[in-house]
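In: need a structure here:
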Amino acid sequence: MAPFRFRLEQVRLYRKQLEEQAMQALAQAVVHRDALKAHIAALQQTLAEQHLRLSRAEALEAAERWLIQNYASALKEDLQNAGIALEQAEYLVDQRRADLVQKATERGLLDTLKEKQAAKRLQLERQQEQHTYDETATLRYKPAAV
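Out: Below is the predicted model of the structure:
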């Protein structure tokens, strides 16, 4: 009997490739999200430093105080924009994760089908082999002379 050949192997390999691409897309989205989180943390740290600088320096000149306040205001705006970008990045990560789950499920279905067909083929081969052994045993059987 010819060796087992899964007819949908090309489709299974294609779905596996799509799953790997979805995995890479998820990884890129996570890296982007983490970079945004780090950027937000840096902005928050800088803003806290500016507030501390404003609170400590009572003898600042008006121009320097104005510059620090405007810089802090710009930092707050940057922080808001980064927060919006982070929300979008979180949404993208969730989408990529859902896409990966779907692709993995599709590939998993074909893997399961392949395993079932391979098991069924193995069982059929064993049955045919057993049938051949039974036929051989029947043909060679010689009853004891009576």
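
In: closest to the centroid, which residue in this protein?
Out: residue 23 (3.9 Å; C-alpha atoms, centre = their mean).

In: just the helices in this structure please.
Out: For the chain, the helices defined by DSSP state H cover 9-56, 62-140.

In: before we move on, the earlier item: gap between the residue nearest to the centre of the chain and residue 35?
Out: Remark: distance between residue 23 and residue 35 (C-beta to C-beta, to the nearest Å) = 19 Å. Just so you know, the C-beta spots here come from the backbone N, C-alpha and C atoms, and that holds for glycine as well.

In: repeat for residue 6
Out: Taken as C-beta to C-beta, the span from residue 6 to residue 35 is 42 Å.

In: residue 82 now?
Out: Taking C-beta to C-beta, one finds residue 82 at 10 Å from residue 35.

In: more neighbours, these two?
Out: residue 82 (19 against 12; other C-beta atoms under 10 Å).

In: mind pulling up the pLDDT for that one?
Out: With respect to pLDDT, residue 82 scores 97.

In: pretty sure residue 12 sits against residue 109.
Out: No. Look at residue 12 against residue 109 with C-beta atoms under 8 Å: they stay out of range, at 9.4 Å.

In: what is the burial count for residue 125?
Out: Residue 125, neighbours per other C-beta under 10 Å, totals 12.

In: please report how far the closest residue to it other than its chain neighbours lies from residue 123.
Out: Sequence neighbours aside, residue 1 is the residue nearest to residue 125 in space, at 5.9 Å (criterion: C-beta to C-beta, 6 or more residues apart in numbering). In this view, residue 1 and residue 123 are 13 Å apart by C-beta to C-beta.

In: and residue 52, by the same measure?
Out: For residue 52, the distance to residue 123 - C-beta to C-beta - is 75 Å.

In: report the contact partners of residue 30.
Out: Contacts for residue 30 (C-beta atoms under 8 Å, 6 or more residues apart in numbering) come out as residue 93.
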